[in-house]
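Engineer: Have a look; sequence and predicted model below, questions after that.
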Amino acid sequence: MIEWAMRLAPLIFIFAIGFPALADDEAKPQIFGAHHGYLFEVTEERNRRDIEMVMLQPPPEPKKQLKEVIFNEKLSREFQQQYEYRFGQSQAEQVFNTVARSDEYTYYTGRNVTVQEYQKYQREFAEYMGRRLTEYHVDNWVKNDPDLRPVYEFKDRVSNLDVQMRKGYKLKWKYNFAGPNMDIRLENPYDVTCKVRVEMNGIISSPEELIYTLGYPVNKKVTVTAVHRQMDGVYQLVGTRRISRNLSTSLTASTDTKERGPTVKQDLILIGFAWTE
């Protein structure tokens with residue numbers, strides 16, 4: 001037994017040493033340095049600058065305030081235009097038409113109305129704003145509901161009409177149920193504002209007032225607008241110049257060409273400054 005053990009000892013030693021060596025030889029790459037991240041030449045790396053790009057997640061959208069949900073830019077601009085139609089084209093005219101603490105005051109180039117009548121005009125404008133807000137948000141709800149969307153599409157076809165007349169010219173007609181009123185606008189390549197506003201007493205009624213507007217932006221700061229109220233026979237020319245981001249000045253010239261109507265025959269020239277946020 002001792003003799004056989006002495007004969008097998010070299011074989012056991014060879015197997016013990018040989019197998020790990022063979023395993024290491026198989027694990028080693030055939031070419032020295034062919035590991036991931038190893039380089040054969042560092043000359044190009046000396047002047048190279050590697051910048052790691054980190055992909056960030058997009059920031060969450062800021063939560064809108066309640067007033068931004070109720071009133072947006074489109075509605076605010078529409079209310080401002082409607083206020084100008086009812087109470088004056090420029091802020092100087094709007095201030096001039098503001099009620100005073102007296103029994104009566106001058107309104108729209110000379111018409112005398114009482115405080116109660118002016119409050120009625122303000123209440124009617126507030127009622128219009130309420131109807132328009134309701135109409136706008138109901139339209140958004142109906143438009144986003146797949147079952148009710150055909151109703152919105154029908155209303156949109158009834159109240160809006162676009163007619164392509166020739167290259168660069170388009171006639172747009174819009175009916176506002178909340179007014180009620182109609183707007184007819186001619187779009188043109190010269191940036192000239194050509195618009196007709198038809199004011200009505202009811203959804204289906206004869207026109208109460210026809211207002212023609214023709215405006216042109218002379219430059220980025222100066223705008224000239226001409227307004228004609230057909231029923232009243234009033235002609236107005238309004239020039240507006242923006243002095244700064246918040247400050248602007250206006251010059252309004254107005255004349256009445258009719259003896260009859262809600263206004264009296266009177267000429268006015270108003271100069272005013274306005275501050276807007």
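Structural biologist: Thanks, I have the structure now.

Engineer: Distance of residue 182 relative to residue 224?
Structural biologist: Look at residue 182 and residue 224: by CB to CB, to the nearest Å, they are 25 Å apart. Backbone N, C-alpha and C define where each C-beta goes, glycine included.

Engineer: what residue ranges in the stretch 51-200 of the chain score low on pLDDT?
Structural biologist: By pLDDT under 70, the low-scoring segments of the stretch 51-200 of the chain are 97, 99-115.

Engineer: how about the helices in it?
Structural biologist: Using DSSP state H, counting those that start in this stretch, the helices assigned to the stretch 51-200 of the chain run over residues 66-70, 73-87, 91-96, 115-143, 149-159.

Engineer: Mind checking those for the one nearest to residue 271?
Structural biologist: Closest to residue 271 of the helices of the stretch 51-200 of the chain is helix 91-96 (CB to CB; 6.6 Å).

Engineer: For that closest one, which residues meet the burial criterion?
Structural biologist: Neighbour-count burial for helix 91-96 flags 91-94, 96 (criterion: 16 or more other CB atoms under 10 Å).

Engineer: Report the two of these separated the most.
Structural biologist: 91 and 96, at 9.5 Å, using CB to CB across the buried residues of helix 91-96.

Engineer: quick one: which of the buried residues of helix 91-96 is nearest to residue 231?
Structural biologist: Of all these, residue 93 has the smallest distance to residue 231: 18.0 Å, by CB to CB.

Engineer: Adding distance to residue 50, write the buried residues of helix 91-96 out as JSON lines.
Structural biologist: Shown next, in JSON lines, are the buried residues of helix 91-96 (distance: CB to CB, whole Å):
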{"residue": "91", "distance to residue 50": "60"}
{"residue": "92", "distance to residue 50": "65"}
{"residue": "93", "distance to residue 50": "67"}
{"residue": "94", "distance to residue 50": "64"}
{"residue": "96", "distance to residue 50": "70"}
